[in-house]
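> My questions concern the predicted model and sequence given below.
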Amino acid sequence: MTSRFDYFVIFAGMRTGSNYLERNLNAAPDIRCFGELFNPYFIAHEGQEDYLGLSLADREADPNALVTRVREEATGLAGFRLFHDHDPRMRAQALADPRAGKIVLTRNPLESFVSYQRALASNQWVLTDAKGQIATEAVEFDGEAFADFLRPHEDFLADIRQGLARAGQTALTLRYEDLQDLDVINGVLAYLGSRHVLPRLERSLKRQNPEPLETKVTDMAALRDSVAALDPFGIDHASPQPVDRGPAVRSYVACPQTGLLYLPMQGPQPDPVLDWMAALEGCAPEDLITGMRQKDLRDWREAHPNSRTFTLLRHPLARAHTAFATRILPSDLQSFADLRHGLIAAYNVPLPQHYPATDVSPQELQKAFRRFLKFLKPNLAAQTSLRIDASWVAQTTVLQGMAQVALPDRILRDGPDLAADLQALAAEVGRPAPDLVPRFDHADLDAIYAPDMEKLARMAYARDFTTFGFRAYRGAGAA
């Protein structure tokens, strides 16, 4: 087959119909789509950690070696599916490469989200026979979870659009509904250079839960309210320019009466600063204002014209350890299970199979944390296929995101001066400072601390050390 492309990429997401599109393309003898080659937790298909003689570690070290291998394996044109959480290095490469065929497949994100929630509930991800459909009750719609689901997908599509424009490239765009049109599928094959025309659509996969959306959720009114609170037209966006990490307004915390707004760096839960704010306000921590949108934030600021905004820095080593101890070590966190597996399989982080556990020694935890610190350097430089989680992203990056909507008046630090700094902050908003001072627990880090961790932390967070002048970590609260 003569083609203008050396390989092709389907940019898509979970529950968008990409599996069905792949099966139809593979029905043509001169096209071969190899699945999710760059899923950070497996190669090509779930459970495969070795593929065509390459391991996860091999792929991490040289992702292009896998592209070369599948091109050699395919009879015709080889391709793969690439999602928002797959290797960002391959996304950038494919977008800029004129010899890479590009297909962008999208679906109404609300439909994708509900489909994903129902698949989680039933544990049925693929349906090959309608008789095998597992009956799934309507799911409760979670507005916050949908917002968290939506943002990375929107960022993914924006990155694709901008990447194509910068490189002067084009892509074939499809929607989920297009996949049921035989002429569309044959058009995709023609775009890829196939000489074959399919006589019918591939029918080995069946659509799951084809019923209307209102029958798939328990409360359509809650769904409508949640969707109405979103900002699909970008009215609230402070800047149309792309940034490394946008403002996490929903995480901001405000006092109901006192003009005090806290911009937390995602970290320990519960955050001890919230107890101090509640004591200052004279309320319970749950009565503080959270979950704001940018419009809510503007309304709060108009109601508190002399307000003060603050954030709090922690030593990078302590911040990294908090992320490690609360996100990576626990073996029962579903949202981090795949990331945990990827660290073990591709980065040799020797995490215990089950944690918490009494049979894990401090030496084992020390070794695992040291390997995690080594992983952070390439991860924070976007040189790995694993996501950069908000719990360990560099604090300079977080501050840049904050600056779009709420540059803090004060940047405090965890350390010996924190009590005096908070007392001064309370005075600025006309309140007596409570006796309570936020205490961050460093005991677990102190128990496994080793001097060589300083160097690893500085390598991972070089910009934070340079920008904020952090001293070496010497026990609890060093900043």
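That came through, no problem.

> When you work out contacts or count neighbours from here on, use the C-alpha atoms and nothing else.
Will do.

> Okay, and Leu274 sits in which element?
Under the criterion of DSSP states H and E, Leu274 resides in helix 272-281.

> next SSE after that helix?
helix 294-303.

> now that next one, how far from the chain's geometric center?
27 Å (CA atoms, centre = their mean, to the nearest Å).

> List the buried residues in that helix.
Of the residues in helix 294-303, 294, 297, 300-301 count as buried by neighbour count, 16 or more other CA atoms under 10 Å.

> And for stretch 145-156?
Buried, per 16+ other CA under 10 Å, within stretch 145-156: 146-147, 150, 153, 156.

> Between those residues, which sits nearest Tyr461?
Of all the buried residues of stretch 145-156, Phe156 has the smallest distance to Tyr461: 25.3 Å, by CA to CA.

> how about low-confidence regions in this structure?
Low-confidence segments of the chain, defined by pLDDT under 70, span residues 1-2, 121-136, 205-210, 228-247, 475-479.

> quick revisit: so which of the buried residues of stretch 145-156 are in helices?
146-147, 150, 153, 156 (DSSP state H).

> The residues you listed: which two are farthest apart?
Of all pairs in these, the most separated under CA to CA is Phe146 and Phe156 at 15.7 Å.

> Tell me which residues touch Phe80, please.
Contacts for Phe80 were tallied using CA atoms under 8 Å, 6 or more residues apart in numbering; they are 8-10, 33-37.

> Helices of the stretch 251-400 of the chain, start to end?
Ranges of helices in the stretch 251-400 of the chain, per DSSP state H, counting those that start in this stretch, are 272-281, 294-303, 316-323, 334-347, 362-380, 395-402.

> wait, I meant the stretch 101-250 of the chain
Under DSSP H, counting those that start in this stretch, the stretch 101-250 of the chain gives helices at 109-122, 143-167, 182-192, 220-228.

> How far off centre is the longest one?
So that's helix 143-167. 11 Å.

> what do you get for the first one?
Helix 109-122 sits 18 Å away from the centroid of its parent chain (CA atoms, centre = their mean).

> what's the angle from it to helix 143-167?
130 degrees (axes from the mean of the first three to the mean of the last three CA atoms, to 10 degrees).

> on that earlier part again, format the contacts of Phe80 as JSON lines; extra columns: secondary structure, neighbour count and distance to Glu454.
Formatted as JSON lines, the contacts of Phe80 follow (DSSP: H, G, I helix; E, B strand; the rest coil; neighbours: other CA atoms under 10 Å; distance: CA to CA, whole Å):
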{"residue": "Phe8", "secondary structure": "strand", "neighbour count": "21", "distance to Glu454": "43"}
{"residue": "Val9", "secondary structure": "strand", "neighbour count": "21", "distance to Glu454": "41"}
{"residue": "Ile10", "secondary structure": "strand", "neighbour count": "24", "distance to Glu454": "42"}
{"residue": "Cys33", "secondary structure": "strand", "neighbour count": "25", "distance to Glu454": "45"}
{"residue": "Phe34", "secondary structure": "coil", "neighbour count": "17", "distance to Glu454": "42"}
{"residue": "Gly35", "secondary structure": "coil", "neighbour count": "20", "distance to Glu454": "41"}
{"residue": "Glu36", "secondary structure": "strand", "neighbour count": "21", "distance to Glu454": "37"}
{"residue": "Leu37", "secondary structure": "coil", "neighbour count": "24", "distance to Glu454": "36"}
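
> Considering those residues, which is situated nearest to Leu164?
Checking these one by one against Leu164 (CA to CA), the nearest turns out to be Val9, at 13.1 Å.

> For Gln395, see how far away that closest one is.
Plainly put, Val9 is 34 Å away from Gln395 if you go by CA to CA, to the nearest Å.

> Repeat that for Leu373.
16 Å.

> try Leu418
Leu418 sits 18 Å away from Gln395, going by CA to CA.

> So for the two, which sits in the more crowded spot?
Gln395 (25 against 17; other CA atoms under 10 Å).

> Nearest spatial neighbour of the more buried one, chain-adjacent residues omitted?
Asp464 (6.5 Å; CA to CA, 6 or more residues apart in numbering).
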